[in-house]
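>>> this one's structure only:
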């Protein structure tokens, strides 16, 4: 993705596991990708301590690991469970880092888990109350509506798309990931994604 965007965008890849950091760095050097920075560490801490507010145009979360490998919805019933990354606090940190109208693409092979993540997104609201009768705030993030005919299911107003993100979803090129290579001989062939945006420019 970074190589395809060379000359038009700067990329940063964040990984928690050292072997994956080393693998990305090695590929970056061998392919002479000059617009990519590789970061090793916890994504929450990186966003909180090292990323300026309103400085990122697009965040990609590829194959997030659910609290349990089964993706059991009961395991993510608490949106602030520290055993997985995509908590309400992490979404608020991503919202802070995004430029106005910035986007988030979350790509997974676990539809059951992504349904639970969609519910977390649907529940997120701004801290400032709106003029709605119930006095609640606006949604912090909203689903992008794709112009193509990508199938989807809707969960509390959040679209869960089935398939692989195209260029419209932020994937400039089709690139085989670590997880694609890992599962290519297994049964994990389903792919799905969320495409979200920060629409409210006043927050």
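Perfect, I can see it now. Since this is a predicted model, take the numbers as computed values, not measurements. Numbers count the residues shown, from 1 in each chain.

>>> please count neighbours and contacts with C-alpha atoms only from this point.
Will do.

>>> list the buried ones in stretch 27-47?
28, 33, 35, 36, 39, 40, 43, 44, 47 (16 or more other Cα atoms under 10 Å).

>>> biggest separation within these, which pair?
Longest distance between any two of the buried residues of stretch 27-47 is 25.3 Å, between 33 and 44; criterion Cα to Cα.

>>> quick check: next helix or strand after the helix-or-strand element of the chain with minimal mean pLDDT?
Ranked by mean pLDDT, DSSP states H and E, the weakest helix or strand in the chain is helix 178-183, scoring a mean of 51. Downstream of helix 178-183, the next assigned helix or strand under DSSP states H and E is strand 192-197.

>>> so what does that next one touch, helix or strand wise?
The elements that strand 192-197 packs onto, with contact taken as 3 or more Cα pairs under 8 Å, 6 or more residues apart in numbering; DSSP states H and E, are strand 98-108, helix 111-123, strand 142-143, strand 158-162.

>>> other SSEs contacting the second one?
This means helix 111-123. helix 88-97, strand 152-155, strand 158-162, strand 192-197.

>>> out of these, which is closest to residue 140?
helix 88-97 (7.4 Å).

>>> what is the orientation angle of the closest one with strand 192-197?
Between helix 88-97 and strand 192-197, the angle comes out at 50 degrees (axes from the mean of the first three to the mean of the last three Cα atoms, to 10 degrees).

>>> contacts for helix 88-97, please.
Applying Cα atoms under 8 Å, 6 or more residues apart in numbering, the contact partners of helix 88-97 are 44, 47-48, 51-56, 59, 79-80, 120-121, 124, 140-141, 198.

>>> could you pull up the mean pLDDT of it?
Here helix 88-97 scores 95 as its mean pLDDT.

>>> ok, now stretch 3-23?
Across stretch 3-23, the average pLDDT comes to 85.

>>> now do the same end-to-end measure for that stretch.
Length of stretch 3-23, first residue to last, Cα to Cα, to the nearest Å: 16 Å.
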